[in-house]
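>>> sharing a model prediction with you, sequence too.
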Amino acid sequence: MINNKEQYIYHIKDKNEVMNMRRVLDKIEIVEDKHMVQATDFLDPYEVKLAKSILNRFGHISYVEDGGLFNAERKILIIYPDYMEFDLEESPIAPLSIRGNIEGLKHKDFLGSLLGLGITREKIGDILIHEDNVQIIVSSDISDYILFNLRKVGNNNINIEYINRYDLKEGIEIYKELITNLSSLRLDVAISSSFNLSRNDSLNVIKNCKVKVNWEPVKKPFFELKEGDLVSVRGHGRFVLYSIFGATKKDRLKVGIRIFK
């Protein structure tokens, strides 16, 4: 038993992340008490960081990350007793390939169709878009259900099959590039410019807890962005501030933004 679980999560302020990390602690407890291998659901990079900060405080367990690809965005953590060895071939993830009438479909279309089957986001890893197919990585416990029930993405008929994890490859990033001048690097300013929102609307999405920077929830409109920061806004999409070119003659900042489609 883990005594006083609160000591491991007291520093986490976001309620959703508190619940996620409680689940991680539950997994650790099972590994320690029953000497069983346990795996989390898919976590984003911020959640992985939080989970690892907890896992590293336990001396008798080991863990590995797995998202199918080394550079996967969403990963599971597989936790096991430190006297054991774990082979990724036994990892509880399943890669699937979608082919058929997929031209013009976007990441949100595939994610929406999966969620439409009643699957929660936590069971879905990366969705990798390619020219002739789309690869999706999911939890193995719901992979058969997807295989037998996913017949359309949007209004398009598709075919779906299992593939080997070693056939996975990096997806193509589709984005619109925007070169613009900002009054500052404040989060609300960048959101307004990227999604053509009024300043009030950008303030509202931040205050309503719909914004993450580098996957971490941010509630401060005056948060200063840095070059390379990834911003996601629920209901609008996400963008990366990929370059800060410098100040203009009117003391504004010329920046490069990539808005992902």
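Perfect, I can see it now.
>>> every contact and neighbour count from this point should use C-alpha atoms.
Noted.
>>> how about the top helix by length along the chain: buried residues?
Looking only at the chain and at elements set by DSSP state H, the helix with the highest residue count is helix 15-34. The neighbour-count check on helix 15-34 (16 or more other C-alpha atoms under 10 Å) flags 17-18, 20-22, 24-32 as buried.
>>> so which elements touch that helix?
The contact analysis (3 or more C-alpha pairs under 8 Å, 6 or more residues apart in numbering; DSSP states H and E) places helix 15-34 against helix 6-9, strand 38-39, helix 45-55, strand 61-66, strand 76-81.
>>> in its sheet, what does the second one sit against?
Take DSSP bridges as the rule and strand 38-39 pairs in its sheet with strand 76-81 (antiparallel).
>>> in the strand it pairs with, what's buried?
Residues of strand 76-81 classed as buried by neighbour count (16+ other C-alpha under 10 Å): Ile76, Leu77, Ile78, Ile79, Tyr80, Pro81.
>>> can you pull out the helices in this protein?
Taking DSSP H as the criterion, the chain carries its helices at 6-9, 15-34, 45-55, 107-115, 143-149, 187-195, 199-207.
>>> and of those helices, who's closest to Gly67?
Closest to Gly67 of these is helix 45-55 (C-alpha to C-alpha; 10.9 Å).
>>> might you calculate how far that closest one sits from the centre of the chain?
Remark: helix 45-55 is offset 13 Å from the chain centroid, using C-alpha atoms, centre = their mean, to the nearest Å.
>>> which one of the helices and strands packed on helix 15-34 is the most hemmed in?
Counting by mean count of other C-alpha atoms under 10 Å, strand 76-81 has the highest mean neighbour count of the helices and strands packed on helix 15-34, with a mean of 22.
>>> quickly list what the nearest residue to Gln135 once chain neighbours are set aside is bridged to.
Excluding its sequence neighbours, the residue lying closest to Gln135 (C-alpha to C-alpha, 6 or more residues apart in numbering) is Ser97, at 4.5 Å. Beta-bridge partners recorded for Ser97 (DSSP bridges): Gln135, Glu161.
>>> hmm, Ser97 is touching Ile160, no?
Yes: counting by C-alpha atoms under 8 Å, Ser97 does reach Ile160; the two are 5.6 Å apart.
>>> packing partners for the lowest-mean-pLDDT helix or strand in the chain?
Among the helices and strands of the chain, helix 6-9 carries the lowest confidence by mean pLDDT, DSSP states H and E, at a mean of 87. On a contact count with 3+ C-alpha pairs under 8 Å, 6+ apart, helix 6-9 meets helix 15-34.
>>> swap the cut-off to 7 Å and go again
Taking 3 or more C-alpha pairs under 7 Å, 6 or more residues apart in numbering; DSSP states H and E as contact, there are no helices or strands that helix 6-9 lies on.
>>> which residues touch Leu69?
Leu168 (C-alpha atoms under 7 Å, 6 or more residues apart in numbering).
>>> try it again at 6 Å.
With contact set as C-alpha atoms under 6 Å, 6 or more residues apart in numbering, Leu69 has no partners.
>>> over to Arg165?
Pro95.
>>> neighbours around the residue nearest to Lys75 when sequence neighbours are not counted, how many?
In space, and not counting its chain neighbours, Lys75 is closest to Gly67: 4.1 Å by C-alpha to C-alpha, 6+ apart. Using other C-alpha atoms under 10 Å, Gly67 has 23 neighbouring residues.
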